[in-house]
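Show me the folded form of this:
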Amino acid sequence: MSAAHAQGLESVVAASTATSMVDGEAGRLVIAGYELEDLAPNAAFEETVFLLWNGRLPNATELGEYRVRLAKQRELNQATIRLLEDAAHNSVSVTDLLVMAAPTLRIGRSENPAEDALAAVAAFPTIVGSYWHLKNGNKPAEPRQDISHAAYFLYQVFGKVPSVEQAKALETYLNTVCDHGLNASTFTSRVIMSTRSDVISAVTGAMGALKGPLHGGAPGPALDMVFEIGSAGRAESVISAKLSRGERLMGFGHRVYRVRDPRADVLAAAAERLYVNDADRRLYLLAKDVERTALRLLEQHKPGRRLQTNVEFYTALLLHGLGLPVELFTPTFAIGRVLGWTAHCLEQLRQDHLIRPQSEYVGPMGLKFQPVSER
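All right, here's what the predicted structure looks like:
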């Protein structure tokens with residue numbers, strides 16, 4: 001099959017973008033011109049928002065203005081709140097709830113791409129945090145405007161302002177996952193936007209794509225293996241048994257990166273800082289032992305496959321260290337990735353070109369219609 005007819009558009013270049021560049025062979029991720037390792041641990045999330053929407057980092061005045069503009073959009077409209085209450089009554093999953101709630105952000109608003117993008121990024125933490133409380137029979141935390149975007153999400157979930165280290169760890173995570181090339185959900189958002197639809201509709205479609213289990217994968221199982229092993233002395237026997245049974249080691253290997261996922265390095269450093277200050281360091285040290293053993297045994301069992309640590313392994317460790325339950329792992333990812341979706345929407349709107357690939361027909365030919373009485 002030629003590249004022009006690649007199944008799933010594999011290796012087909014479908015868009016030009018200045019938002020991010022993924023080099024799987026070299027293990028590089030560039031976000032709007034900045035190496036991930038430079039940007040993610042150092043930028044405030046609000047700086048990354050400005051960068052992806054404007055193509056440059058803000059000055060101090062612009063950053064202050066963006067902080068205020070985002071914070072003012074955190075409060076949800078009554079239609080969204082009623083949906084959250086109804087969904088909680090029916091025990092809808094948090095990921096499904098985000099798919100349902102995203103389109104309600106349009107209610108009572110005039111269509112404006114930049115403002116719609118702002119509303120989506122600002123409201124996602126409130127939606128997830130408020131729904132988590134409602135789903136567990138509690139009253140949501142009141143929106144507030146005096147803390148950073150990352151700190152605000154943790155406040156929404158736990159009802160208290162997080163420590164500086166906790167907020168910084170989450171901020172690094174949100175920066176790390178904000179964009180990653182033309183993945184399935186981002187491509188979905190660009191296709192919708194290419195029809196001159198609106199940003200909220202595109203974000204809704206992207207969220208629907210993210211819900212699918214083949215998109216990115218869930219990071220929870222990577223940590224399950226660490227808990228199963230329990231102590232460094234058991235890592236060799238447990239992992240060897242898994243590989244002998246042909247099981248996949250969650251948190252290792254990636255369809256794009258042929259070397260170590262650069263996001264894993266950034267999140268490993270963030271996790272180390274978090275676990276030294278605000279979490280159980282013993283779990284971090286165990287995870288490092290598990291990682292070393294897994295990499296060594298993968299090379300022995302599957303030589304040449306280049307199965308390196310991926311973003312899921314340290315995502316699970318970091319989010320667990322923050323106290324987030326596994327059900328909130330994917331929604332937390334969406335809180336970061338919605339920035340990338342909106343950035344691609346605005347970029348696609350500027351390019352103003354309909355995305356309309358061709359398909360290859362492989363069905364039958366020459367069939368003759370027969371009336372139902374003759375079939």
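
C-alpha only now, for contacts and for neighbours.
Noted.

nearest residue to P331 other than its sequence neighbours?
T95 (5.8 Å; CA to CA, 6 or more residues apart in numbering).

what's the answer for R260, then?
Q308 (5.0 Å).

Over to H89?
H89 sits nearest to K135 (CA to CA, 6+ apart), 7.3 Å away.

just to revisit the earlier point, quick one, what contacts the residue nearest to P331?
Applying CA atoms under 8 Å, 6 or more residues apart in numbering, we find T95 in contact with K211, T330, P331.

Any chance of the backbone angles for the last one?
So that's P331. phi -60, psi -40 (degrees, to the nearest 10).

For the protein, which residues score under the pLDDT cut-off?
1-6, 8, 11, 216-217 (pLDDT under 70).

check which helix or strand covers the most centrally placed residue in the chain.
Nearest to the mean C-alpha position of the chain, by CA atoms, centre = their mean, lies F333 at 3.2 Å. Using DSSP states H and E, F333 sits in helix 329-351.

Show me what that helix is in contact with.
Contacts for helix 329-351 (CA under 8 Å, 6+ apart): 17, 19, 49, 52-53, 94-95, 98, 113-114, 117, 120-121, 124-125, 128, 173-175, 177-180, 185-186, 189-190, 193-194, 196, 199, 202-203, 206-207, 218-220, 316, 319.

and with 7 Å instead?
49, 52-53, 94-95, 117, 121, 124-125, 128, 174-175, 177-179, 186, 189-190, 193-194, 199, 203, 218, 319 (CA atoms under 7 Å, 6 or more residues apart in numbering).

in the stretch 1-150 of the chain, which spans are strands?
Along the stretch 1-150 of the chain, counting by DSSP state E, counting those that start in this stretch, strands occupy 20-23, 28-31, 34-35.

Counting by contacts, list what the first one packs against.
Put plainly, it is strand 20-23. strand 28-31 (3 or more CA pairs under 7 Å, 6 or more residues apart in numbering; DSSP states H and E).

What pairs with the strand it packs on, parallel or antiparallel?
strand 20-23 (antiparallel), strand 34-35 (antiparallel) (DSSP bridges).

Figure out how far the shortest one is from the centre of its chain.
To tie it back to what came earlier, the one meant is strand 34-35. Centroid displacement of strand 34-35 relative to its chain, using CA atoms, centre = their mean, to the nearest Å, is 18 Å.

Run through who's touching it.
By CA under 7 Å, 6+ apart, strand 34-35 touches L29.

that older thread, for the residue nearest to R260, give me its contacts.
F252, G253, V259, R260, L295.

Next up, phi/psi of the third one, please.
So the one you mean is V259. Dihedral angles (degrees, to the nearest 10) for V259: phi -130, psi -170.

is it true that it touches R306?
Yes. Using CA atoms under 7 Å, V259 is in contact with R306, at 6.3 Å.

Comparing these two, which shows the higher neighbour count?
V259 (20 against 17; other CA atoms under 10 Å).

For the residue nearest to P331, give its distance to K211.
In this view, T95 and K211 are 7 Å apart by CA to CA, to the nearest Å.

What residues of stretch 148-167 count as buried?
148-159, 161-162, 165-167 (16 or more other CA atoms under 10 Å).

let me fix that: stretch 69-87
Quick answer for stretch 69-87 (16+ other CA under 10 Å): 69-76, 80-81, 83-84, 87.

can you check stretch 86-105 too?
Applying 16+ other CA under 10 Å to stretch 86-105 flags 87-88, 92, 94-95, 97-105 as buried.

one step back: the contacts of Q308: which two are farthest apart?
V259 and L295 (11.8 Å; CA to CA).

if we can go back for a sec, would you mind putting the strands paired with strand 28-31 into CSV with distance to L274 and mean neighbour count alongside?
Compiled in CSV, the strands paired with strand 28-31 are given as follows (distance: least, CA to CA, whole Å; neighbours: other CA atoms under 10 Å):
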stretch, distance to L274, mean neighbour count
strand 20-23, 27, 18
strand 34-35, 22, 14
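
closest one to E228 among those?
strand 20-23 (33.0 Å).

Can I get that closest one in PDB, CA atoms only?
The C-alpha coordinates for strand 20-23 follow below in PDB (Å, rounded to 0.1, in the frame of the first residue of the first chain):
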ATOM      1  CA  SER A  20       4.600  21.200  18.100                       C
ATOM      2  CA  MET A  21       7.200  18.900  16.400                       C
ATOM      3  CA  VAL A  22       7.600  15.200  17.300                       C
ATOM      4  CA  ASP A  23      10.800  13.400  16.200                       C
END
